[in-house]
Structure formats: C-alpha cells, structure tokens
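Enquirer: I would like to see how this sequence folds:
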Amino acid sequence: MDGTHAQLLERIWIDPARCAGKPCIRGHRIWVSLVLDLLASGATVAEILADYPGLEENDIRACLAYGSDMARERFVDIPLEAS
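Expert: Purely as a prediction, here's the structure:
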C-alpha cells in the first residue's frame, strides 16, 4: 500500500466555502461520504476510478482512512438487531 495513514489524510480537505464544509478529496468536489457510500453499495475501486477519472487509488484509500478515524473519534447511533 502506498502512503502512510497521515499521508493519505493529506488528500482530504475541508473548506467551509466549498461543498458546505463537507470533507472532500483534495482538488475535487467529491465528498468523502460519496466514495464511502459507493464502496458500501458494492462498487469496486476500479468502478469508482472509471466513473471519476480524476481520482487515484490513493484518493479512495484516503477516504477509507478518514472514515476509520471518524469511526474511532465519533459515536454513530446504529440500531441494534432485534432479538
């Protein structure tokens, strides 16, 4: 894997004046949450790169790194499965 966790996170930016302050891939207006949603829906890295040709594989890894940091630092209320 290319790039350390910190280097990957440098690919993410938050600008309050762009995209309503949502975290995006640096140099693009592509939300981190969009990439994570695509991956969660079953899209492959190759499919995402084909749909967004300006992206690189490390941009997608950066989204995963950001998401993993957010999961450690924030609480997400996910309902428990009914018994």
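Enquirer: three-state assignment of the residue nearest to the spatial centre of the chain?
Expert: Nearest to the mean C-alpha position of the chain, counting by C-alpha atoms, centre = their mean, stands C63 at 2.4 Å. When classified by DSSP: H, G, I helix; E, B strand; the rest coil, C63 comes out as helix.
Enquirer: count of neighbours near the spatially closest residue to it that is not a sequence neighbour?
Expert: The shortest distance from C63 to any non-neighbouring residue, by C-beta to C-beta, 6 or more residues apart in numbering, is to V35 (4.1 Å). The C-beta positions use only the backbone N, C-alpha and C, and glycine is treated the same way. Neighbours of V35 under the rule other C-beta atoms under 10 Å: 24.
Enquirer: just confirm V35 is within a helix.
Expert: Yes - with three-state DSSP as the criterion, V35 is located in a helix.
Enquirer: correct me if wrong: it contacts A65.
Expert: No - under the criterion of C-beta atoms under 8 Å, V35 is not in contact with A65, lying 11.4 Å apart.
Enquirer: and L55, which of the three is it?
Expert: coil.
Enquirer: relative to I60, how far out is the closest residue to it other than its chain neighbours?
Expert: Leaving aside its chain neighbours, L55 sits nearest to L49 (5.7 Å; criterion: C-beta to C-beta, 6+ apart). Distance, L49 to I60, by C-beta to C-beta, to the nearest Å: 8 Å.
Enquirer: with neighbour numbers in mind, choose between the two.
Expert: Per other C-beta under 10 Å, whichever of L49 and I60 has more neighbours is I60, with 24 against 15.
Enquirer: now do the buried residues in stretch 66-75.
Expert: By neighbour count, with 16 or more other C-beta atoms under 10 Å as the criterion, the buried positions of stretch 66-75 are 66-67.
Enquirer: number the residues from 3 up from this point.
Expert: Let's use 3 as the start, then, which means that last one is stretch 68-77.
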